[in-house]
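Trainee: Let's see this in three dimensions:
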Amino acid sequence: MKISIVGTGYVGLVTGTCFADTGVNVTCVDIDEDKIAKLKQGIIPIYEPGLDRMVVSNVEKERLHFTTDLKDSLDQTEAIFIAVGTPPGEDGSADLSHVLEVARQIGRHMNHHMVIITKSTVPIGTAQKVKAAVQDEIEKRGASIDFDVASNPEFLKEGNAIEDFLKPDRIVVGVESEKAEKIMRRLYKPFVLNGHPILFMDVPSAEMTKYAANAMLATKISFMNDIANLCEIVGADAANVRRGIGSDSRIGNKFIYPGAGYGGSCFPKDVKAIIKTAQQNNYNLRILESVEEVNEDQKKVLVKKVKKHFPDIKGLTFGVWGLSFKPQTDDMREAPSLVIIEALLEAGAKVKAYDPVATEEAKKSLGDRIEYGKDQYDALIDADALILITEWPEFRLPNFKVMKKLMNNNVIFDGRNIYDANEMKENDFTYYSIGRQTELL
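Mentor: From the prediction side, this is the model:
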C-alpha cells in the first residue's frame, strides 16, 4: 500500500514513520527544502524519543521517502494525509490557509481515486472546505476524477508519540463512503490486530471528537489548578485532594496534577479554536472560556509567589529548571516558562535557565536576554532562588548540598510539586509549591 503525508512537522513525521514501520510505502512531502535534505540524511527536526532511529531504519529499508515534489508523490497513492500546521489567528480561530493550499495542489495534480485525509487538527467543517477546494481545481482542468475526503484526528502526546501511535487508545476515522472506509480499514489493520479499537463515524463528528478530547483534558488541568489555589487559602493539601478524587473511577487520576498551567501545541490552540467555533455559531462555551482564563492566570502563580517572598526582585538572579512546556520534548509553544521569565525580566530580574533539550528552541523566543546554563547546577551559580517549571526526570533527585553552596539564598519555587516539603525543611530550604502551604512547614 502506498500513501503520502504532506507536512513533516510533529504529526506528519510521526504518522509517516509509524505507518512505514508497519510495512506501508510512505512518502513525506514538505516545501522546506532544507528540512527535507536533513531528513534524507537522518537529521530529525524535532525531539521525540526513539523517532530518529525509527526514521533511519525505515529509510534504509526503502519504506520511508522524503520529497518536496507533491505532484510526484501522488503517483499510485491510495491515501494522502494533510498534516500541515493550523496556527491560531489573532481571533483564536484556526488558520486553514496551509490546509486548503495543499488541497488545491492535490486537485491540480491527482489523476486517480484517492482518499484525502485531514490529520491536522481542524475546525468542524474543514473536510467540506477541503473537498470543495479539490473539486474546484479538478473542474478547472476539465477533468472528472472520483475522490473521498476523510478525517483522522491524531491523539499523540509529545514525548510518547510513537507509543501512542503504535498502541492507540482508539483510532477515530470520519468517512463519507464505504470505499473510503475500506481503504482506511486496510491501512489500520495492523493496529486492529493488536486489539486497538477503530471507531468509524461521520466526518463532522470525527472533527469534533479531537477538539472535545483536548478540551476535556484542558478542563481537568484548569479545574485542579483552581482547586489547588483554593487549597492554599483554606489550608488543605492539593496532593491529598488529588489522591482523594483520583481514586474515583468516574474521575480518574490523570491530568489532575496541579502546576504552573498547560502549554504546548494542542491544548491552548484547540481550546481557543473550539471557543471561536462556538461563537461563530452563536453559542458560548462558558466552561471552556473559564478553562482558558484559569490557565492564563495559573502561568502567573509562581511569579506572584516570588514577588511575595522578594518584595523587590530588581537585580536578583533566578535559576530556572525546565523551559519546554512538558518533559521529553523541546516544544516551547505556549510554554509557561515564557510567561514566567518574561514577567521576571520585566521586573528587572536576571534569569539563568537550563533545559535538557529545549535550549535552542527557547533562544528563538528569549534570545540573549537570559543566560543558559550548561547543566542544572550551572544555572544555580549565585542564584537568589530556583524556579522549577518543567518536571524533567533529572531534576527529581538533585544534590541539595551542592545547590546550597552555589545559591545565594536557599529558596525553591516548585511549579510541579516534585519535592517533598519535609525533605526541603530538613535541608534548610524555604520551599514554595502549588496547592500546599509548604512555606509554613
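Trainee: Tell me where the protein has strands.
Mentor: 2-6, 25-29, 64-67, 79-82, 115-118, 148-151, 171-174, 198-201, 317-321, 350-354, 371-372, 385-388, 411-414, 430-432 (DSSP state E).
Trainee: Could you save those as CSV and add columns showing mean pLDDT?
Mentor: Shown next, in CSV, are the strands of the chain (pLDDT from 0 to 100):
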stretch, mean pLDDT
strand 2-6, 97
strand 25-29, 97
strand 64-67, 97
strand 79-82, 98
strand 115-118, 98
strand 148-151, 98
strand 171-174, 97
strand 198-201, 96
strand 317-321, 98
strand 350-354, 98
strand 371-372, 98
strand 385-388, 98
strand 411-414, 98
strand 430-432, 96
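Trainee: Mind putting those into a markdown table with mean neighbour count and distance to residue 99?
Mentor: Just so you know, the C-beta spots here come from the backbone N, C-alpha and C atoms, and that holds for glycine as well. Output for these, formatted as a markdown table (neighbours: other C-beta atoms under 10 Å; distance: least, C-beta to C-beta, whole Å):
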| stretch | mean neighbour count | distance to residue 99 |
| --- | --- | --- |
| strand 2-6 | 25 | 9 |
| strand 25-29 | 24 | 14 |
| strand 64-67 | 21 | 19 |
| strand 79-82 | 26 | 6 |
| strand 115-118 | 27 | 7 |
| strand 148-151 | 25 | 12 |
| strand 171-174 | 23 | 15 |
| strand 198-201 | 15 | 20 |
| strand 317-321 | 26 | 36 |
| strand 350-354 | 22 | 35 |
| strand 371-372 | 18 | 36 |
| strand 385-388 | 25 | 38 |
| strand 411-414 | 24 | 40 |
| strand 430-432 | 21 | 44 |
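Trainee: any chance of those in TSV, plus distance to residue 328?
Mentor: Output for those, formatted as TSV (distance: least, C-beta to C-beta, whole Å):
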stretch	distance to residue 328
strand 2-6	23
strand 25-29	23
strand 64-67	23
strand 79-82	24
strand 115-118	27
strand 148-151	28
strand 171-174	23
strand 198-201	27
strand 317-321	15
strand 350-354	16
strand 371-372	20
strand 385-388	16
strand 411-414	19
strand 430-432	25
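Trainee: Residue 55 is nearest to which of the ones you listed?
Mentor: With respect to residue 55, and counting by C-beta to C-beta, the nearest of these is strand 64-67 at 6.6 Å.
Trainee: and that closest one, which strands flank it?
Mentor: Its sheet considered, strand 64-67 pairs with strand 25-29 (parallel) by DSSP bridges.
Trainee: about what we covered before: would you mind telling me which of the strands of the chain is nearest residue 223?
Mentor: Residue 223 lies closest to strand 411-414 among these, at 20.6 Å (C-beta to C-beta).
Trainee: which residues touch the closest one?
Mentor: Strand 411-414 is contacted by residues 302, 305-306, 309, 384-388, 419, 424, 429-434 when judged by C-beta atoms under 8 Å, 6 or more residues apart in numbering.
Trainee: residues contacting residue 68?
Mentor: 29, 30, 31, 32, 33, 36.
Trainee: List the contacts of the lowest-mean-pLDDT helix or strand in the chain.
Mentor: Every helix and strand in the chain was compared by mean pLDDT, DSSP states H and E; the lowest is helix 189-192, with a mean of 89. Outside helix 189-192, the residues within contact range by C-beta under 8 Å, 6+ apart are 22, 23, 166, 168, 171, 185, 198.
Trainee: Out of those, who's the most crowded?
Mentor: For the contacts of helix 189-192, the largest number of neighbours (other C-beta atoms under 10 Å) sits with residue 171, at 20 neighbours.
Trainee: can you tell me how far it sits from residue 195?
Mentor: In this view, residue 171 and residue 195 are 12 Å apart by C-beta to C-beta, to the nearest Å.
Trainee: how close does the spatially closest residue to residue 392 that is not a sequence neighbour sit to residue 100?
Mentor: Spatial nearest neighbour of residue 392, excluding adjacent residues (C-beta to C-beta, 6 or more residues apart in numbering): residue 327 at 4.8 Å. Counting by C-beta to C-beta, the gap from residue 327 to residue 100 is 35 Å.
Trainee: Please apply the same query to residue 93.
Mentor: 14 Å.
Trainee: same question, residue 57
Mentor: Per C-beta to C-beta, residue 57 is found 34 Å from residue 100.
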